[in-house]
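**Q** model the structure of this input:
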Amino acid sequence: MKVMKFGGACLKNYENFLQVAEIIASEKARPFVVVSAVYGITNVLLESVHNAQQSEKNISRAIWNIKDKHWAIVKKTIKYGDARQEIFKKMETMIKKVERLLFGISYTGEITPPVRSHILSYGERLSALILSAVLSSNGMESKPMEGDKIGMVTDGNLENATVILNEFRKNFRPAVESILKNKIIPVITGFFGCTPEGKISTFGRNGSDYSAAAIAFAIHASELEIWKDVDGFMSADPKLVKNAHKIERLSYYEAAELSYFGAKILHPRTLEPLMGMNISVRIKNLFDPESPGTEILPESYEKEDIIKSVTYNREIAMIRIHGPGVGYKPGIIARIGHLLSAIGINIYSILTSQTCINLLVDKKDSRRSYEALKETRGGVIEEINLEKDITLIAVVGEGLLKKRGLAARIFSAVSKENVNVEMISTGASEVASYFIINSDDTEKIIHALHREFFG
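**A** As a prediction, the model looks like this:
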């Protein structure tokens, strides 16, 4: 069985919906389809939440925008009168629910995580409804399915949730049996599930990739295809490096490292549900469907020259926690982790020495992180500094730790550009070497490293 996930960039307009339907129709066996929201709709919903808090006058404009975008697609893709009216009716019901939730925010003046997650889930609900109708109107029996209705149960984190995989597999089994028996194509919402208490929980931006992986786990899929508007992973960001080339094959660990710290091709947690399973993942381009894309496999694969990609992340900040014994005193890192976890902040990485603990966090969370940690000053912690103008560079490839002289090549290339390296982490990952530089030097270093390893 195959799972096919189509991202928002594949669902921009009615032509895209027809193209997606054509690709699904070309499959020999009926796939399980997972969808993101129509392109831009998640942003519209997010803005509507914040604007509704300011004034209820903003709500009607947001609702009109949502209706207009979806209705324009339906009018061009579904020709039959009764079928089209039925979809309009279902869409109207969904959009009314969004409107009521927005008025609730306007009246109370409060935005709570359960309400925000519930509103955001309607982007995927609407796109699944429309794509399923498009498939049915083209002779493929199909049914839309929603994450919370099929038992995609998660932990209690409403905005960065984790699927409870074995429980979801058990919950989903009756629906899978019905799908196979009746030979239908399910179109399943990505991006959200629900807590055991029934509250809508989301997986973060691009979270539909993670949803698709959880579904692949639940049905023991042989393959997961993730359709985007790009050919796959590249040797470097093609916006910076014009001669960057597509990577044909990666291991789970390489793809996970690239996604977590730089490349925006996959949701960083996509491969989590697949660990320990023999499921191949392939990135495909909707606008070049004949291209093989990038294949991601469980087993490692070493190139002769090891390095497969050079990537970067400018959206991080570093918090330095200084003190003569911070690396020695028990419990300090646990206390730091607890303080940040309590306000919903993820720590990308921790590097420690005897006199300094260095935390990498998302730049948008850096000020909140700094303010939360200020209370730890005193005693063994003397000073806390925040650095924002930094970039994390990652050099990724299976066998990186075993290849002699590779680290020397990396830092020789950096040294030739007269760039100072603020921090190095080699050995924490078996497939990646990381270091931090000033943001102003990012493009120079990416070019230098790409020249060194790829010419």
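**Q** show me how far the helix or strand that contains Gln85 is from its chain's centre.
**A** For Gln85, the host element (DSSP states H and E) is helix 81-108. Averaging C-alpha positions (CA atoms, centre = their mean, to the nearest Å) puts helix 81-108 27 Å from its chain's average.
**Q** kindly calculate the angle that whichever helix or strand comes after it makes with helix 81-108.
**A** Read in the C-terminal direction, the helix or strand following helix 81-108 is helix 113-137, with elements assigned using DSSP H and E. The directions of helix 113-137 and helix 81-108 differ by 170 degrees, with axes from the mean of the first three to the mean of the last three CA atoms, to 10 degrees as the criterion.
**Q** if you count neighbours, what's buried in helix 113-137?
**A** Buried residues in helix 113-137, counting neighbours by 16 or more other CB atoms under 10 Å, are found at 115-137. Backbone N, C-alpha and C define where each C-beta goes, glycine included.
**Q** three-state assignment of the residue most central in space within the chain?
**A** Centroid-nearest residue in the chain: His267, 2.3 Å away (criterion: CA atoms, centre = their mean). Under the three-state scheme (DSSP: H, G, I helix; E, B strand; the rest coil), the conformation of His267 reads as coil.
**Q** distance-wise, check it relative to Ser259.
**A** 7 Å (CB to CB, to the nearest Å).
**Q** likewise for Ser341?
**A** 22 Å.
**Q** which one's more surrounded, those two?
**A** Higher neighbour count among Ser341 and Ser259: Ser259, with 22 against 11, using other CB atoms under 10 Å.
**Q** pLDDT wise, what is the more buried one at?
**A** Each residue has a pLDDT score; the one for Ser259 is 90.
**Q** so it sits right up against Glu272, yeah?
**A** No - distance between Ser259 and Glu272: 10.7 Å, which falls outside the contact criterion (CB atoms under 8 Å).
**Q** count the residues that sit near the closest residue to Ser55 other than its chain neighbours.
**A** Spatial nearest neighbour of Ser55, chain neighbours left out: Ser106 (7.0 Å); criterion: CB to CB, 6 or more residues apart in numbering. Counted with other CB under 10 Å, the neighbours of Ser106 add up to 17.
**Q** contacting residues for Ser106?
**A** The contact partners of Ser106, by CB atoms under 8 Å, 6 or more residues apart in numbering, come to 52-53, 55-56, 59.
**Q** pLDDT at the residue nearest to the centre of the chain, what is it?
**A** 91.
**Q** cool, the one 4 residues further on as well?
**A** Per-residue pLDDT puts Leu271 at 95.
**Q** likewise Gly427?
**A** In this prediction, Gly427 carries a pLDDT score of 67.
**Q** the one 5 residues further on now?
**A** According to the model's per-residue confidence, Ala432 sits at a pLDDT of 90.
**Q** hang on, it packs against Ile393?
**A** No - Ala432 lies out of contact with Ile393 (CB under 8 Å); the separation is 10.3 Å.
**Q** in this protein, which helix or strand is least confident?
**A** When each helix and strand of the chain is scored by mean pLDDT, DSSP states H and E, strand 423-426 comes last, with a mean of 82.
**Q** which positions within that strand qualify as buried?
**A** Going by neighbour count (16+ other CB under 10 Å), the buried part of strand 423-426 is 423, 425-426.
**Q** over to stretch 393-404?
**A** Of the residues in stretch 393-404, those scored as buried under the neighbour-count criterion (16+ other CB under 10 Å) are 393-401.
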